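[1] just need the structure, nothing else, for what follows:
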Amino acid sequence: MEQNDGVIIRTDLRPGDLGRLISLHGTAYEGENGHFGLAFEAYVARTVADFVIDNKARGRVFLAERGDELVACTAMIERENGRGQLRWVLASPSARGLGLGRTLVGAALDYAREQGWREVFLETTAGLNTSMSMYERLGFVVASRSDEMYWNAPADVIVMTLKL
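    The predicted structure follows:
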């Protein structure tokens, strides 16, 4: 599916895609909000590995590419009890403002509905105001907040849910 600015969205995973998704998180979040860094990139790597190894890749990954460059991504992961988890929502700085986040999250939510799941949840951290605003516009509500030590510093961890 082609989007504006020559961006193509695909859902078929190919060799190297998981590494590119991890790399995009490492570079796009570098230095943002004071608590992202190598520990965050390692955390993303662990969650991607868990998706494939422990979850047996149940769900769908959405990749937005401009030429050979991965510029945005997200995924909808199957969880227990008819629930899905929205993960890895990110657009690179060069692709922000194109509406890719909303397009990818919308496609992920459509996928969850097609699966018949009753609810979707996500985890995020305070300070990602653009993302929070998008989630709220889509109908997500804050289910919990907690202070936790994440990556390199304390973080205000927010869990949001959406009934489908």
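
[2] least trustworthy helix or strand in this protein by mean pLDDT?
    The helix or strand of the chain with the lowest confidence, counting by mean pLDDT, DSSP states H and E, is strand 141-150 at a mean of 83.

[3] for that one, packing partners?
    strand 153-163 (3 or more Cβ pairs under 8 Å, 6 or more residues apart in numbering; DSSP states H and E). (Glycine included, C-beta is placed from N, CA and C.)

[4] the strand it packs on vs strand 141-150, what angle?
    In terms of direction (axes from the mean of the first three to the mean of the last three Cα atoms, to 10 degrees), strand 153-163 departs from strand 141-150 by 160 degrees.

[5] pull out the buried positions in strand 153-163.
    Within strand 153-163, the residues that qualify as buried are 155, 157-158, 160, 162, counting by 16 or more other Cβ atoms under 10 Å.

[6] count of residues packed around Ser92?
    A count of neighbours around Ser92, defined by other Cβ atoms under 10 Å, yields 18.

[7] ditto for Tyr111
    So Tyr111, with other Cβ under 10 Å, has 18 neighbours.

[8] confirm that Asp50 sits in a strand.
    No - counting by DSSP: H, G, I helix; E, B strand; the rest coil, Asp50 is not part of a strand but helix.

[9] mind checking pLDDT for it?
    Note on Asp50: pLDDT of 95.

[10] contacts only, for it.
    Contacts for Asp50 (Cβ atoms under 8 Å, 6 or more residues apart in numbering) come out as none.

[11] could you check the angle strand 153-163 makes with the helix or strand containing Val105?
    Using DSSP states H and E, Val105 sits in helix 100-114. Here the directions of helix 100-114 and strand 153-163 differ by 50 degrees (the same axes, to 10 degrees).

[12] any idea how far helix 100-114 is from the chain center?
    In terms of Cα atoms, centre = their mean, to the nearest Å, the centre of helix 100-114 is set 11 Å apart from its chain centre.

[13] which residues touch it?
    Here helix 100-114 has contacts from 3, 7, 9, 59-60, 62, 64, 71-76, 84, 86, 89-91, 120, 130-131, 134-135, 138, 162, 164, using Cβ under 8 Å, 6+ apart.
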